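Asker: could you work out the structure for the sequence below:
(one chain, ligands or ions: 1)
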Amino acid sequence: MYDYDFFVIGAGSGGVRASRMAATYGAKVGLAEDYRVGGTCVIRGCVPKKLFVYASEYSAHFRDAVGFGWSEGNHDFDWKTLKANKDKEIDRLEGLYGKNLDNHKVEIIKARAKLLDKHTIELTDEGGSRTVTADKILIATGAWPSYPDIPGIEYAISSNEVFEFDELPKKITVVGGGYIAVEMAGIFNGLGVETALLYRGEEILRGFDLEIRTKLRDEMVKKGIDVRIHHDVDEILKNGDKYILRLSDGNEMATDCVLYATGRQANSRNIGLEELGVEMKENGDIIVDDYYRTNVDNIFAVGDVTGGMQLTPIAIKEGAALAATQFNNKPTFVNYDNIPTAIFSQPPIGTVGLSEEEAREKYGDDLKVYRSEYKSMKFTLAGRDERSLIKLLVDGETDKVVGAHMIGPDSAEIIQGIAIALKVGATKAQFDDTVAVHPSSAEEFVLMK
Ligand code: NDP
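Answerer: Numbering: from 1, shown residues only. Predicted structure coming up:
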């Protein structure tokens with residue numbers, strides 16, 4: 001007899017959902033977390049990031065407002081107010097998560113967990129260590145920022161620290177060209193920080209539709225961000241209050257803050273997995289099958305710690321699927337086709353399905369590309385020099401829409417609905433048959449000829 005039917009390590013998106021659902025199905029559940037309940041998404045990811053995006057957009061909104069008749073004003077920004085309000089909101093959300101788990105009788109244990117054998121977990125907190133036992137164990141420990149091994153990398157920070165800044169730097173240099181890099185660059189630029197972004201490759205946001213990527217870079221540059229592609233950093237030096245970046249092209253760049261957003265690595269080390277022989281990839285991603293089972297029969301893993309798409313909704317779906325499979329006698333797995341995603345860059349991007357490059361590879365000459373580039377109505381009177389782009393990719397043979405992409409205001413909101421259409425296999429004819437919502441940007445999706 002074990003202390004718990006199910007013991008979950010990590011109270012992030014995947015772990016919280018799995019524990020709550022397993023408890024709903026009648027399991028006795030323990031959940032260990034050594035930091036705060038909510039995980040990366042709630043505490044230092046999606047949620048505070050989006051609050052910061054909102055904050056940073058006001059500078060442009062204030063400028064836009066003049067074209068609508070509002071007088072120009074003096075709009076000072078106070079970082080401390082934003083941070084304090086953000087902290088309050090995150091505390092509130094963390095409280096709600098905890099309450100919800102309590103209501104479902106999940107026992108939250110604030111301790112660091114380590115597996116001693118396949119059924120025994122050591123829990124360590126300030127008071128010392130103890131052990132508990134469990135029938136099934138879930139590893140949902142997420143991922144952590146990873147940095148390249150270059151001299152001076154200890155001077156760099158990750159997005160984690162941004163959420164705790166006491167004050168804003170005057171100048172920041174962001175390294176990387178993925179989700180976090182472009183989102184953070186937009187936030188800092190909007191808040192009035194002189195911002196540079198250095199990306200080692202040909203074009204930012206590798207893996208997304210090329211035209212959308214190029215458009216984002218153009219718009220970021222128009223907004224004043226110093227975006228440099230084909231730029232890598234060989235060394236970081238400290239000189240008084242400044243950091244000097246030695247770039248691979250031989251040039252140097254001085255900055256007040258160096259933010260690395262160069263990917264995230266699974267949190268799978270030092271929790272007893274190697275000793276138990278749990279199979280992992282070289283980079284630490286835990287290897288699981290379609291039902292999130294590791295090679296050790298009672299140990300499971302979901303979310304970022306397994307690699308794959310590091311997205312909150314995926315971790316949540318995986319956690320729910322695992323709980324249904326293990327505790328509701330209903331084998332469930334996640335369908336990873338047509339996963340929509342949004343990048344909260346400025347302008348934001350919403351995307352689902354194949355990029356034009358992937359679709360061209362798959363459908364060749366049968367691929368039909370529909371595109372619409374336009375100025376958002378809101379920006380006409382505002383006089384803002386920003387254009388949106390919408391693309392639909394259609395398999396000419398079946399008329400099925402295989403990719404939808406948008407860069408422009410509200411694209412995150414709009415793509416969610418479009419994703420349902422792709423999920424059910426909608427054709428271009430069905431898009432065309434849908435009546436437009438007018439006047440809107442979303443209507444472009446049903447008006448493209
Ligand atoms: P990403 O994998 O998105 O991007 C990493 C970037 O760093 C790439 O541009 C990559 O370049 C570059 N890079 C990697 N290694 C090096 C290196 N050694 N030197 C220089 N550049 C390097 O990771 P992020 O850190 O941006 O985000 C982590 C994950 O978090 C994302 O994959 C995403 O799933 C998730 N996330 C989701 C968000 C959302 O849904 N809106 C928001 C934020 C994060 P290259 O392309 O050449 O490999």
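
Asker: okay, CA-based contacts and neighbour counts for the rest of this
Answerer: OK.

Asker: buried set for stretch 164-181?
Answerer: By neighbour count on 16 or more other Cα atoms under 10 Å, the buried set for stretch 164-181 is 168, 171-181.

Asker: can you tell me which of those is nearest Lys110?
Answerer: Ranked by distance to Lys110 (Cα to Cα), those are led by Ile180 at 28.5 Å.

Asker: on the pLDDT front, check the closest residue to the closest one other than its chain neighbours for me.
Answerer: The spatial neighbour of Ile180 that comes closest, neighbours along the chain excluded (Cα to Cα, 6 or more residues apart in numbering), is Ala261 at 5.8 Å. On the pLDDT scale, Ala261 is placed at 98.

Asker: run through the bridge partners of Ile137.
Answerer: Here Ile137 shows beta-bridge partners Phe7, Ile299, assigned using DSSP bridges.

Asker: who touches it in this structure?
Answerer: When contacts are counted by Cα atoms under 8 Å, 6 or more residues apart in numbering, Ile137 touches 6-9, 119, 298-300.

Asker: which of those are buried?
Answerer: When these are checked for burial by 16+ other Cα under 10 Å, the buried set is 6-9, 119, 299-300.

Asker: just the closest of the residues you listed to the ligand, please.
Answerer: The nearest member of those to the ligand, counting by Cα to the nearest ligand atom, is Ile9 at 20.0 Å.

Asker: and Ala140, what does it touch?
Answerer: With the criterion set at Cα under 8 Å, 6+ apart, Ala140 makes contact with 8-12, 14-15, 301-305.

Asker: near the ligand, which of the residues you listed show up?
Answerer: Subset of these in contact with the ligand: empty, counting by Cα under 6 Å from any ligand atom.

Asker: among those residues, which lie within strands?
Answerer: 8-9, 301 (DSSP state E).

Asker: ok so, going back, show me which of the buried residues of stretch 164-181 neighbour the ligand.
Answerer: Restricting those to those near the ligand - Cα under 6 Å from any ligand atom - leaves 176-181.

Asker: now, the residues you listed that are in strands?
Answerer: Per DSSP E, those never map to strands.

Asker: could you dump these to JSON lines with pLDDT?
Answerer: Shown next, in JSON lines, are these (pLDDT from 0 to 100):
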{"residue": "Gly176", "pLDDT": "98"}
{"residue": "Gly177", "pLDDT": "98"}
{"residue": "Gly178", "pLDDT": "98"}
{"residue": "Tyr179", "pLDDT": "97"}
{"residue": "Ile180", "pLDDT": "98"}
{"residue": "Ala181", "pLDDT": "98"}
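
Asker: which among the residues you listed gets closest to Ile349?
Answerer: Distances from Ile349 to these, taken by Cα to Cα, are shortest for Tyr179, at 10.3 Å.

Asker: so what does the closest residue to the ligand within the stretch 301-449 of the chain have for phi and psi?
Answerer: Of all residues in the stretch 301-449 of the chain, Gln310 sits closest to the ligand, at 3.7 Å by Cα to the nearest ligand atom. The phi and psi values for Gln310, taken as degrees, to the nearest 10, are phi -80, psi 80.

Asker: just give the nearest non-adjacent residue to it, would you?
Answerer: Closest to Gln310 by Cα to Cα, 6+ apart is Asp304, at 5.0 Å.

Asker: I figured the residue of the stretch 301-449 of the chain closest to the ligand hits Val302, correct?
Answerer: No. In this structure Gln310 lies outside contact range of Val302 using Cα atoms under 8 Å: 10.5 Å.

Asker: just give me the longest helix of the protein.
Answerer: Once the chain is assigned using DSSP state H, the helix that runs over the most residues is helix 79-103.

Asker: contacting residues around the next helix or strand after that helix?
Answerer: The element immediately downstream of helix 79-103 (helix or strand, assigned by DSSP states H and E) is strand 107-110. Under the contact criterion Cα under 8 Å, 6+ apart, strand 107-110 has outside partners 29-35, 98, 101-102, 125.

Asker: how far out from the middle of the chain is strand 107-110?
Answerer: With Cα atoms, centre = their mean, to the nearest Å as the basis, strand 107-110 stands 26 Å off its chain's centre.

Asker: same check, this time on stretch 131-139
Answerer: 29 Å.

Asker: show me which residues of the protein sit near the ligand.
Answerer: Checking the chain against the ligand by Cα under 6 Å from any ligand atom, the hits are 148, 176-181, 200-201, 205-206, 261-264, 309-311, 341-344.

Asker: just the buried residues of those residues.
Answerer: 176-181, 200, 205, 261-264, 310, 341-344.

Asker: out of those residues, which are inside helices?
Answerer: 179-181.

Asker: next, the most centrally placed residue in the chain: phi, psi?
Answerer: By Cα atoms, centre = their mean, the chain has its centre lying nearest to Leu311, at 5.3 Å. For Leu311, the backbone dihedrals (degrees, to the nearest 10) come out as phi -130, psi 140.

Asker: now for it: which residues touch it?
Answerer: Here Leu311 is in contact with 303-304 (Cα under 8 Å, 6+ apart).

Asker: look at it and report its pLDDT.
Answerer: 97.

Asker: excluding chain neighbours, what is closest to Thr214?
Answerer: Closest to Thr214 by Cα to Cα, 6+ apart is Glu203, at 6.9 Å.

Asker: kindly report the same for Phe163.
Answerer: Closest to Phe163 by Cα to Cα, 6+ apart is Arg44, at 6.4 Å.

Asker: how near is that neighbour to the ligand?
Answerer: 10 Å (Cα to the nearest ligand atom, to the nearest Å).

Asker: for that residue, list the residues it contacts.
Answerer: Arg44 neighbours (Cα under 8 Å, 6+ apart): 159-160, 163.

Asker: where do the helices sit along the stretch 201-350 of the chain?
Answerer: Here the stretch 201-350 of the chain has its helices, by DSSP state H, counting those that start in this stretch, at 210-222, 273-276, 312-327.

Asker: tell me what the last one is packed against?
Answerer: Using 3 or more Cα pairs under 8 Å, 6 or more residues apart in numbering; DSSP states H and E as the contact definition, the elements that helix 312-327 packs against are helix 13-24.

Asker: quick one, the helix it packs on and helix 79-103 angle?
Answerer: Per axes from the mean of the first three to the mean of the last three Cα atoms, to 10 degrees, the angle that helix 13-24 makes with helix 79-103 is 30 degrees.

Asker: can you list contacts of helix 13-24?
Answerer: 6, 8-10, 28-31, 38-39, 41, 101, 104-106, 138-141, 302-303, 312-313, 315-324, 327-328.

Asker: go with 6 Å
Answerer: Outside helix 13-24, the residues within contact range by Cα atoms under 6 Å, 6 or more residues apart in numbering are 140, 303, 315-316, 319-320, 323, 327.

Asker: and for stretch 354-361?
Answerer: Outside stretch 354-361, the residues that touch it by Cα under 6 Å, 6+ apart are 208-209, 403.

Asker: for the longest helix of the chain, which positions count as buried?
Answerer: 83, 86-87, 89-91, 93-94, 97-98, 101.

Asker: redo the residues you listed as JSON lines? Include distance to Thr294 and pLDDT.
Answerer: Shown next, in JSON lines, are these (distance: Cα to Cα, whole Å; pLDDT from 0 to 100):
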{"residue": "Lys83", "distance to Thr294": "40", "pLDDT": "98"}
{"residue": "Lys86", "distance to Thr294": "37", "pLDDT": "98"}
{"residue": "Asp87", "distance to Thr294": "37", "pLDDT": "98"}
{"residue": "Glu89", "distance to Thr294": "36", "pLDDT": "98"}
{"residue": "Ile90", "distance to Thr294": "33", "pLDDT": "98"}
{"residue": "Asp91", "distance to Thr294": "34", "pLDDT": "98"}
{"residue": "Leu93", "distance to Thr294": "31", "pLDDT": "97"}
{"residue": "Glu94", "distance to Thr294": "30", "pLDDT": "97"}
{"residue": "Tyr97", "distance to Thr294": "27", "pLDDT": "96"}
{"residue": "Gly98", "distance to Thr294": "28", "pLDDT": "96"}
{"residue": "Leu101", "distance to Thr294": "26", "pLDDT": "97"}
